[in-house]
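Trainee: structure for this input, please:
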Amino acid sequence: QMDSEAQQKSPKDLVLSSSTPHRVSVGSGKHYFCGYCAAFTNIAITFPIQKVLFRQQLYGVRTREAVCQLQRDGIRNLYRGILPPLMQKSTTLALMFGLYTDFSSLLLRHTNAPELLTRSLAAVLAGTTEAILTPFERVQTLLQDHKHHGKVTNTFHAFKVLRSYGVREYYRGLVPILLRNGPSNALFFGLRGPIKQCLPEANTRSGHLINDFICGGLLGAMLGLLFFPMNVVKARMQSQIGGEFQSFRKVFMQIWTERDGKLTHLFRGAHLNYHRSILSWGIINATYELLLKLI
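Mentor: As a prediction, the model looks like this:
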């Protein structure tokens with residue numbers, strides 16, 4: 001539940017709270033804007049870390065080898081592939097925060113279901129809607145995989161290459177994205193308020209900023225670890241251009257076999273993802289909450 005928002009509501013913003021389940025928020029457009037800006041800030045800062053993590057997810061290599069790959073690619077290619085996440089992640093986060101607010105308002109207004117269930121459903125619906133932007137994740141995967149450096153030169157060229165295979169090719173890897181988005185959104189919005197309430201009370205803007213960073217970071221790290229295998233399967237599925245569309249189960253079993261059936265090998269890169277998620281979701285949550293207060 002959005003406890004932090006409830007604490008900062010204004011006459012222009014009536015944010016839903018557990019004590020007033022039938023009140024609806026107005027002016028939710030700022031939730032879209034704040035989510036967009038928060039994501040943009042995060043991506044600009046953490047993209048190189050994400051690129052190292054991607055190489056580990058795709059090839060199952062250790063951190064040092066992934067870093068060496070990027071060094072061999074050269075500084076010129078370090079930010080290669082940043083445009084898709086800037087476009088996709090920023091829009092995705094805008095939808096995540098904005099649609100969650102809108103769906104919560106709509107469902108609470110027209111249903112009598114328990115608020116926890118209603119908010120969880122709103123979060124899942126928002127996550128499912130985000131999957132519309134799967135083509136951007138698809139293109140980002142191709143641009144980050146050094147095996148495709150000679151095949152795709154930039155974001156627009158990657159879209160052009162995929163177009164010849166049909167619309168379905170843009171949505172390769174959709175299943176793991178759906179399995180990741182809905183549940184992770186439900187957990188994020190469900191636990192964000194309770195976690196912040198457990199932190200020391202903040203009486204200053206900087207104190208609130210720190211608490212929001214800690215809250216978002218802890219949640220991001222936990223969810224990133226929990227859904228890490230989904231991203232491993234997604235990276236493998238989306239690194240392919242053309243050919244058979246394999247099921248989630250088949251791809252997972254291929255990866256499991258290749259990595260000797262060891263869980264530790266499946267989670268290679270998870271420690272880096274853990275630290276990246278602390279930073280990323282700390283930045284996202286803190287920036288989002290700060291902008292909500294300033295606008």
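Trainee: all helices of the protein, in order?
Mentor: Assigned by DSSP state H, the helices in the chain fall at 3-6, 29-59, 63-73, 83-110, 115-130, 134-144, 155-163, 167-170, 174-198, 205-226, 228-238, 248-258, 263-266, 270-294.
Trainee: can you redo the ones you listed as a markdown table with mean neighbour count?
Mentor: Any C-beta I mention is one placed from the backbone N, CA and C, and that applies to glycine too. Shown next, in a markdown table, are the helices of the chain (neighbours: other C-beta atoms under 10 Å):
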| stretch | mean neighbour count |
| --- | --- |
| helix 3-6 | 19 |
| helix 29-59 | 21 |
| helix 63-73 | 14 |
| helix 83-110 | 21 |
| helix 115-130 | 20 |
| helix 134-144 | 24 |
| helix 155-163 | 16 |
| helix 167-170 | 14 |
| helix 174-198 | 19 |
| helix 205-226 | 19 |
| helix 228-238 | 23 |
| helix 248-258 | 15 |
| helix 263-266 | 13 |
| helix 270-294 | 21 |
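Trainee: dump these to JSON lines, plus mean pLDDT.
Mentor: JSON lines is the format used below for the helices of the chain (pLDDT from 0 to 100):
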{"stretch": "helix 3-6", "mean pLDDT": "42"}
{"stretch": "helix 29-59", "mean pLDDT": "87"}
{"stretch": "helix 63-73", "mean pLDDT": "87"}
{"stretch": "helix 83-110", "mean pLDDT": "90"}
{"stretch": "helix 115-130", "mean pLDDT": "94"}
{"stretch": "helix 134-144", "mean pLDDT": "89"}
{"stretch": "helix 155-163", "mean pLDDT": "91"}
{"stretch": "helix 167-170", "mean pLDDT": "94"}
{"stretch": "helix 174-198", "mean pLDDT": "94"}
{"stretch": "helix 205-226", "mean pLDDT": "94"}
{"stretch": "helix 228-238", "mean pLDDT": "93"}
{"stretch": "helix 248-258", "mean pLDDT": "94"}
{"stretch": "helix 263-266", "mean pLDDT": "88"}
{"stretch": "helix 270-294", "mean pLDDT": "91"}
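Trainee: what residues are up against residue 213?
Mentor: 282-283, 285-286 (C-beta atoms under 8 Å, 6 or more residues apart in numbering).
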